[in-house]
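Enquirer: Here you go, sequence then predicted model.
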Amino acid sequence: VEKTFLMIKPDGVKRQVIGDVVNRFERRGFELKGAKLMVATREIAEAHYAEHADKPFFGELVDFITSGPVFAMVWEGESAISLARTMMGATKPADSQPGTIRGDFATTISENIIHGSDSAESAEREISLWFAGELA
Ligand code: GTP
Ligand code: MG
C-alpha cells in the first residue's frame, strides 16, 4: 500500500466541496490517515511548489495557495498515488474529463480545486512537509 498527500485548495474550501472530495476517496476504498484545515505560510507553499520556482506563474501560485484555508490530507491505499491523480483529472481544463474532481468542479488551470502527489518521492516529501511528526 501507498500513502499520498492530497490537498483541497482555497477555491475548493470556499466552494464547500470538502465533503464531496473526501467522499470520493472513501468510496474508492482509501483510508484517511490525517487531515487538517489550515492557512499555509508562504514558506510552506514555496517549499511545496519548489519544482515550479522558476515558472512565470510561481508568484501567483503561492499567492493563491496562501489566500485562504486549505484542507490537507494523507490517504492510504493500493496504488493510492496514481489512482488519486486519475480521480483528480488533468491539470489543463480542456483535458479534465467529467467524472473527475477537476472535470466536475473546475474551469481554470490556476484554480483547480485539488493537489495530489505525482510520485512516491513527492508523496514522501509532501507528507513530511505538511504533517511533520503528526501522523499516528
Ligand atoms: P498540483 O497537484 O497542484 O501540483 O497540480 P498538477 O500536478 O496537476 O500540475 P503542476 O504540478 O504542473 O502545476 C502545479 C499547479 O500550478 C497547478 O495545479 C496549477 O494550479 C498551477 N499551474 C500550472 N500551470 C499553470 C499555468 O500555466 N498558469 C497558472 N496560473 N497556473 C498554473
Ligand atoms: Mg504537481
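Expert: Arrived safely, thanks for sending. Ligands and ions are numbered 1, 2, ... in the order given.
Enquirer: drop to CA atoms for contacts and neighbour counts, all remaining ones
Expert: OK.
Enquirer: Using the three-state scheme, assign the residue nearest in space to the middle of the chain.
Expert: Nearest to the geometric centre of the chain sits His115, at 2.2 Å (Cα atoms, centre = their mean). Of the three states, His115 takes strand under DSSP: H, G, I helix; E, B strand; the rest coil.
Enquirer: give the contact list for it.
Expert: Contact analysis of His115 by Cα atoms under 8 Å, 6 or more residues apart in numbering lists 6-9.
Enquirer: so what's it bridging to?
Expert: Met7 (DSSP bridges).
Enquirer: ok, Phe105 to Val13 distance?
Expert: 12 Å (Cα to Cα, to the nearest Å).
Enquirer: interface residues of the protein facing ligand 1?
Expert: 57, 91, 109-112, 115-116 (Cα under 6 Å from any ligand atom).
Enquirer: where exactly do the strands run in this structure?
Expert: 2-8, 31-38, 70-77, 114-116 (DSSP state E).
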